[in-house]
Every structure is written in C-alpha cells, then in structure tokens.
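Novice: prediction below, plus the sequence it came from.
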Amino acid sequence: MRSWRRASTLVEVLVGLAVFALITGLIASVFILSHRYTRVSQQVSRAQREVAQCMEKFYGEFKRGHSQSFQATTATNETWFLSNRPPASEAALAEFAPSGEVLWQKWVGIWCQADGVVYRGELDLVGGPAEFARVDLGTSPSTLAAISTQPGKKRLASAIRRFQVSLDQRVVTVDLESETSNSGNPPTRYHASSSFLIP
C-alpha cells in the first residue's frame, strides 16, 4: 500500500513566511524599544545624580561661607564668597582669633563652564586671615576671573546646564539644572532647588 504525503502549496508557504516575518519584526521592535527606554532611564538617572552631587558640593562650600559676603547673587553660573576653611587643607578645621571670633581665610568662587563642568577655586584674603568685622569687603574680587584664573581649581560636577544662587538674609537658595544625552535620544533635563542656612 502506497502512503501519500501532502506537500505545502505556494500560498501556504508564503503565509507561513509572512507570519514568521511579522513575529520576528515584533520581537525586534520590543528589543529596540526596551533598549531605547533603558538609555532614557540612564540619562534621567545620570541627570539626577549630577544635580544631587553638585548640590551636596555646594552645601559643603556654603556652610563654611559668610552670608554677608556673597557676591553676584543675581548672576547665572557664578558666585563667590568668604570662607573660613584654611587654604592649606580641605580637612582643616576653622581657626579662631584670641577673642573667639572665627577667622575668614579666603574667597571661594564657584562657576559653570560652557561644557557643563562646575569648578571651585579660591583666592587668599588680602592681608591674611581676619575677623569678619576687620575684612574689607571693598577689596573683594570684582569679577570671578580673579578667582577662576588661580591655580588649584577643583572640579565639583559635570553635565550642569546652569545654576543660580540667590540670597535672602542668611538663607542661600540654589537653583540647579542638569542636561544629559545619549546618541539617538533627545536631551534629558533635571531641575532641583534647595536652600541652606549659613552663618
């Protein structure tokens, strides 16, 4: 007895190939979208991380500053102020006069460059460390260039689009905005604002 095997028709083969191509296309689309969303998520995460890191560094500097010495508080991407941190060491404690008053040591400047990198620099106080009442604020740097051109600048953060510092009595408010991007994705911006009470 002879057995017969039914062969597929051309139409059935074409339908099978079309279904296979459709399923393959759907799987590829899922992988592409998943990869894109992962990259967007990484952008958002990096933008948030850069803002948080920069804000933390700002606070570390501001808590050693004097509120009445803040300069250019209406400018964008720059500020400078008196600091009581001795220039010799970042970990050094504040120094005090025999009267018990803290000694102000230097001008600290913070600025953001066009490439999004935020730097911090310092300039020794004219005449050396002094009590605030004896500091001549008239000799403060007239522009940030006096500080930013000094050697020893330190990087605080990157991917920062802009920052602005404003002062209300002893409360310093910082508005920060970061911007990150990966190729193929639109830029991601993240904005945060924080206030610090300083001496």
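Specialist: Noted; the coordinates are in hand.
Novice: poorly predicted segments of the protein, please.
Specialist: By pLDDT under 70, the low-scoring segments of the chain are 1-7, 32, 35, 88-92.
Novice: ranges for the helices of it?
Specialist: For the chain, the helices defined by DSSP state H occupy 10-62, 145-148.
Novice: need those in a markdown table with distance to Phe132 and mean neighbour count, can you?
Specialist: Any C-beta I mention is one placed from the backbone N, CA and C, and that applies to glycine too. A markdown table is the format used below for the helices of the chain (distance: least, CB to CB, whole Å; neighbours: other CB atoms under 10 Å):
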| stretch | distance to Phe132 | mean neighbour count |
| --- | --- | --- |
| helix 10-62 | 16 | 13 |
| helix 145-148 | 19 | 17 |
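Novice: including distance to Val108, could those go into a markdown table?
Specialist: As requested, the helices of the chain are arranged in a markdown table below (distance: least, CB to CB, whole Å):
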| stretch | distance to Val108 |
| --- | --- |
| helix 10-62 | 6 |
| helix 145-148 | 8 |
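Novice: which residues sit in contact with Ser83?
Specialist: 61, 64-66, 104-108, 122 (CB atoms under 8 Å, 6 or more residues apart in numbering).
Novice: out of those residues, who's nearest Arg170?
Specialist: Closest approach to Arg170 among the contacts of Ser83 (CB to CB): His66, at 9.6 Å.
Novice: which residue is the nearest non-sequential neighbour of that closest one?
Specialist: Counting by CB to CB, 6 or more residues apart in numbering, Leu82 is the residue found nearest to His66 once chain neighbours are left out, at 4.5 Å.
Novice: and Glu179, how many neighbours?
Specialist: Using other CB atoms under 10 Å, Glu179 has 16 neighbouring residues.
Novice: re the thing from before, among the helices of the chain, which comes closest to Thr188?
Specialist: helix 10-62 (4.1 Å).
Novice: and that closest one, what does it pack onto?
Specialist: Using 3 or more CB pairs under 8 Å, 6 or more residues apart in numbering; DSSP states H and E, the elements in contact with helix 10-62 are strand 106-112, strand 118-124, strand 154-157, strand 160-168, strand 171-180, strand 188-197.
Novice: quick one, that helix and strand 118-124 angle?
Specialist: With axes from the mean of the first three to the mean of the last three CA atoms, to 10 degrees defining the directions, helix 10-62 sits at 10 degrees from strand 118-124.
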